[in-house]
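**Q** Structure of the sequence below:
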Amino acid sequence: MSKGGWVLPLVIFAAIADGLLAGGNIDRLLVATPAWIDVGLNGWADFSRNADLGNGILVYPAMALGGTLAVVLAAAVFLLKGRTPQRATLPVVLSATLMLVALPFSLKATPYMLSLHSISDGDFDALGRAFAGAHYWGRLQSIAHLAAFGTELWAIVALARRADTEA
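**A** As a prediction, the model looks like this:
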């Protein structure tokens, strides 16, 4: 496989990982967060301690870092190989940029989630701050993940058209 031949598979891998993240983010924004508001802070904290700070502590970063690494590598290879097809330049570069933009939002949300280890269920002020902080930064992260997934799909179409014309 030529150097440029890695771009499409890398973008496809990134789209799978980032699509899972985006789907999870949409579920969290539209389904889970309204439910947690109704269930209450203790319910949210218990769930988050077992999910986000359970298996999620490995799964979510692996998906985010794996997708980010794949799309940034795809963009680097694409730019180094001469930006062909030209119509793929914007979506490939934008996808990498959006995933890189999402990383600081994740880093901002992380301390709020990790604080659940030391907050007792009865400390509603601290639980409220953790909930508000995690969801504020999580919303921004969600927007970046969803936008990146969309641009990755756009990039796949632009790159696949090139593959079809070469076959």
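**Q** Could you check how far Leu29 is from Gly23?
**A** 11 Å (C-beta to C-beta, to the nearest Å). Placement of C-beta: from N, CA and C, glycine included.
**Q** Give me the more crowded residue out of the two.
**A** Taking neighbours as other C-beta atoms under 10 Å, Leu29 and Gly23 compare with Leu29 leading, 16 against 13.
**Q** quick one: contacts for that one?
**A** With contact set as C-beta atoms under 8 Å, 6 or more residues apart in numbering, Leu29 has these partners: 138-139, 142.
**Q** Quick one: low-confidence residue ranges for the chain.
**A** Within the chain, the ranges that satisfy pLDDT under 70 run 1-4, 162-167.
**Q** Now stretch 65-83: buried residues?
**A** Residues 66-75, 77-78 are the ones in stretch 65-83 that count as buried (16 or more other C-beta atoms under 10 Å).
**Q** Please list the members of those that lie in strands.
**A** Counting by DSSP state E, no part of the buried residues of stretch 65-83 is found in strands.
**Q** check which helix or strand covers Asp121.
**A** Counting by DSSP states H and E, no helix or strand carries Asp121.
**Q** Skipping its backbone neighbours, what lies nearest Leu103 in space?
**A** Computed as C-beta to C-beta, 6 or more residues apart in numbering, the closest residue to Leu103 that is not its neighbour in sequence is Thr68, at 6.6 Å.
**Q** Ala102 now?
**A** Ala144 (3.7 Å).
**Q** What of Tyr136?
**A** Leaving aside its chain neighbours, Tyr136 sits nearest to Ala109 (7.9 Å; criterion: C-beta to C-beta, 6+ apart).
**Q** my guess is the one you found meets Ala134, correct?
**A** Yes: Ala109 lies in contact with Ala134 (C-beta atoms under 8 Å); the separation is 5.1 Å.
**Q** Neighbour count: these two, which is higher?
**A** Between Ala109 and Ala134, counted using other C-beta under 10 Å, Ala134 has the larger neighbour count: 24 against 20.
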